Structure formats: C-alpha cells, structure tokens
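*Asks:* model this:
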Amino acid sequence: MNQASKSKNQLRVQAFMLRMRSDMQGCALSPSIPAPETRVLRAKLLLEETLETIEAMGIQLDLPDAFTALKIKDIEFKPVLPVNIVEVADGLCDVDVVKDGAAEAFGISLQPLLSIVHDDNDKKFLPGHKFVNGKLIKPPDHKGCTAEIGRELLRQGCEVADVKDNPAFQEELKPAKWS
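*Replies:* Below is the predicted model:
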C-alpha cells in the first residue's frame with residue numbers, strides 16, 4: 001500500500017498497531033478481508049467508541065425489545081443525559097483512531113477515498129436535493145461514488161473478488177487508446 005496516500009493520523013495508528021505485535025491488530029499491505037476475529041474486534045471497537053461518544057453528547061439510545069437486524073430507524077435517540085464536551089472531544093478522536101485502525105486491518109488507504117466521498121457529497125447540492133430531518137438527501141439522478149471507490153481500491157492493489165472481478169470498476173483502469 002502506498003504510505004504517501006495515508007494521512008498522518010492513519011500512519012500513527014499503523015505504527016501503534018505494529019508495536020502491539022498481535023495477530024488481531026495486524027496491518028494488511030493492500031485492501032483485503034482480515035480474519036473473522038479481527039473483523040469482530042474492529043466492529044466492537046468502533047461500536048464501543050461510538051456509543052461512548054453518543055452518551056457524552058447527552059443522548060440516550062432506546063433500542064427495541066426484540067430485533068434480528070438492528071437498523072438506525074429502530075433506535076430512539078433521546079437528548080436527556082448531561083453533555084460532557086471534554087468526553088465528546090475525546091470520543092470523536094477515539095472514533096477516528098479506531099476507524100483508522102479498521103482501515104489498516106483491511107489494508108485500505110483512506111485519504112484518496114475520503115476525497116472521493118467528499119467530492120460525491122458536494123454533488124448532493126445539485127438541483128433536486130432536499131433536506132429531511134436535517135439530513136441532505138441526494139437528487140434522484142445522483143449516481144454515487146461506488147464505482148470510483150472500487151477503482152481506487154484496485155489502484156491500492158485490492159484482490160478481493162467482488163472488487164477485482166467487477167467490470168464497473170475496471171473501466172477507467174484500462175489504458176487509453178491513442179489515435
């Protein structure tokens with residue numbers, strides 16, 4: 001993976017993970033799928049830090065009594081707890097660190113992907129956008145950035161079949177024909 005395309009923070013997280021010398025804290029060299037126990041660890045770390053940050057924001061989450069696959073629409077967010085701005089700041093940083101750790105475990109250099117996603121988010125302001133409950137909803141003809149993300153993962157050396165074998169991700173990687 002190209003170290004130059006990683007943010008300073010992602011490089012610091014990578015160094016931390018390498019110092020741990022743990023199979024579950026491994027850093028992949030290119031985009032790939034880590035072992036199940038590594039994926040479970042990464043999911044738990046992301047959820048733990050996110051839940052701690054939400055609580056610091058003064059938000060209580062009420063979950064349904066029974067669910068098989070939890071969806072955001074099933075959760076009730078209640079602003080009834082005290083807010084701790086120091087813990088909010090700490091939590092946001094912790095979420096960023098565990099996010100970069102997950103990127104390292106999956107061998108993904110995030111910096112070029114973040115540029116793609118930010119550019120795509122800017123396109124949501126084209127005619128046809130609307131706001132629903134404070135969220136910007138993309139116009140109906142918005143194509144999204146999945147193909148561009150797939151192509152970037154290929155540039156980073158991804159060998160995962162659903163990326164490598166997807167023709168939509170191959171289009172711009174073919175050499176241009178000169179006439």
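*Asks:* Just want the most central residue of this structure.
*Replies:* By Cα atoms, centre = their mean, the chain has its centre lying nearest to K99, at 6.7 Å.
*Asks:* Skipping adjacent residues, who's closest to that residue in space?
*Replies:* L46 (6.8 Å; Cβ to Cβ, 6 or more residues apart in numbering). The C-beta positions use only the backbone N, C-alpha and C, and glycine is treated the same way.
*Asks:* That neighbour is in what secondary structure piece?
*Replies:* helix 36-56 (DSSP states H and E).
*Asks:* quick one on the thing from earlier: ok, the residue nearest to K99 - contacts?
*Replies:* Neighbouring residues of L46 by Cβ atoms under 8 Å, 6 or more residues apart in numbering: 95, 98-99, 102.
*Asks:* okay, it: pLDDT?
*Replies:* Per-residue pLDDT puts L46 at 97.
*Asks:* can you tell me how far it sits from G91?
*Replies:* The gap separating L46 from G91 is 12 Å, by Cβ to Cβ, to the nearest Å.
*Asks:* and the helix or strand where the residue nearest to the centre of the chain lies, how far out from the chain's middle?
*Replies:* Element membership for K99 (DSSP H and E) is helix 85-106. Chain-centre distance of helix 85-106: 11 Å, with Cα atoms, centre = their mean, to the nearest Å.
*Asks:* Ok, stretch 117-130 next?
*Replies:* With Cα atoms, centre = their mean, you get 19 Å for stretch 117-130.
*Asks:* what's in contact with that stretch?
*Replies:* Against stretch 117-130 from outside (Cβ under 8 Å, 6+ apart): 136-142, 144-145, 148-149.
*Asks:* most neighbours, which of the residues you listed?
*Replies:* E148 (20 neighbours; other Cβ atoms under 10 Å).
*Asks:* show me the contacts for I108.
*Replies:* Going by Cβ under 8 Å, 6+ apart, I108 touches 31, 153, 156.
*Asks:* Hmm, the first one is touching E104, no?
*Replies:* Translated: P31. No. Look at P31 against E104 with Cβ atoms under 8 Å: they stay out of range, at 11.1 Å.
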